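[1] Below are the sequence and a predicted model; questions follow.
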Amino acid sequence: MKISNVLIVLAVVAVVVIGFYSLSSGSSDEEYKSAIVKERQDKDSFMKNSDESPFGEERNSFTALKYFEPDPNYRITASLEQIDNKKVVVLPTSTGEESRYLEYALAEFELDGIKNKILLLEVMAMGPTRGTLFLAFADATSAGETYGAGRYLELKKSPGAGTMVLDFNKAYNPYCAYTEKYSCPFPPKENILKVAIRAGEKSYH
């Protein structure tokens with residue numbers, strides 16, 4: 001085969017490979033967005049129909065929570081900095097009480113050219129959530145597009161891991177965003193970010 005023909009074949013193969021991966025990536029993103037939408041629909045159903053809904057008797061008039069459109073760019077892999085001498089962190093709550101947590105790790109990530117470092121906490125209170133991770137944060141959208149007292153994000157422990165995925169598309173409002181009868185911890189000062197995180201749940205009211 002002539003060199004020119006070889007080059008043509010290689011070029012065609014390259015185009016096919018690039019196209020394949022582009023389609024695969026796009027498909028993956030669409031599947032991810034669909035999964036996020038499905039989770040939100042399930043949550044709306046819970047808020048509307050469950051006896052455990054924070055809306056209580058008002059849930060009959062509930063329609064849907066408000067969200068930013070799912071954006072894979074807000075599914076961020078952060079590097080973890082372990083904390084050797086862990087201390088107890090006391091967070092004030094919306095009802096004037098206090099919640100105690102144990103320092104777990106610092107998570108560092110970059111978004112929109114801004115470097116951020118947030119504190120991950122471990123739940124100390126007795127109950128089914130004891131030992132799980134807790135992330136409360138506020139950002140440049142707080143008290144505007146999103147709930148003023150901050151939002152939460154559920155995380156899973158990965159012992160020994162040097163990174164962790166922070167999926168801000170799953171950021172949600174504490175129940176005190178809907179009614180004053182709940183007691184919700186405020187974010188620690190380390191987690192008040194200057195960057196705008198336009199992902200996850202918006203203000204309800």
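    Yes, it's here.
[2] which residues sit in contact with the residue nearest the centre of the chain?
    Geometric centre of the chain, nearest residue: residue 168, 2.8 Å, by Cα atoms, centre = their mean. By Cβ atoms under 8 Å, 6 or more residues apart in numbering, residue 168 lies in contact with 74, 75, 76, 153, 197, 199, 200. C-beta here means a position set from N, CA and C on the backbone, and glycine is covered the same way.
[3] Let's see that with 6 Å instead.
    74, 197, 199, 200 (Cβ atoms under 6 Å, 6 or more residues apart in numbering).
[4] Which member of these is positioned nearest residue 115?
    Here the nearest of those to residue 115, counting by Cβ to Cβ, is residue 197; it sits at 14.2 Å.
[5] where's that closest one, which helix or strand?
    Here residue 197, judged by DSSP states H and E, is contained in no helix and no strand.
[6] Test my guess that it contacts residue 139.
    Yes - the pair residue 197 and residue 139 passes the contact test of Cβ atoms under 6 Å, sitting 4.4 Å apart.
[7] Those two: who's more crowded?
    residue 197 (26 against 23; other Cβ atoms under 10 Å).
[8] number of nearby residues for residue 38?
    Count around residue 38 with other Cβ under 10 Å applied: 10.
[9] and what of residue 173?
    Neighbour tally, residue 173, other Cβ under 10 Å: 22.
[10] ok, it - contacts?
    147, 151, 201.
[11] Tell me which of the residues you listed fall in helices.
    Applying DSSP state H to these, no entry is found in helices.
[12] one step back: how far away is the residue nearest to the centre of the chain from residue 100?
    Using Cβ to Cβ, to the nearest Å, residue 168 is found at 26 Å from residue 100.
[13] Which residue ranges of the protein form helices?
    Going by DSSP H, the chain shows helices at 3-49.
[14] quick one, domains of it?
    Per the record, the chain has its domains at 1-64, 65-191, by automatic domain parsing.
[15] Need the winner for burial among the ones you listed.
    Among the domains of the chain, domain 65-191 has the highest mean neighbour count (mean count of other Cβ atoms under 10 Å), at a mean of 16.
[16] Quick one: mean pLDDT over it.
    For domain 65-191, the mean per-residue pLDDT is 95.
[17] The longest strand anywhere in the chain: partners in the sheet, and parallel or antiparallel?
    Scanning the chain for the strand with the most residues, using DSSP state E, yields strand 98-111. Partners of strand 98-111 in the sheet, by DSSP bridges, are strand 75-82 (antiparallel), strand 88-92 (antiparallel), strand 114-123 (antiparallel).
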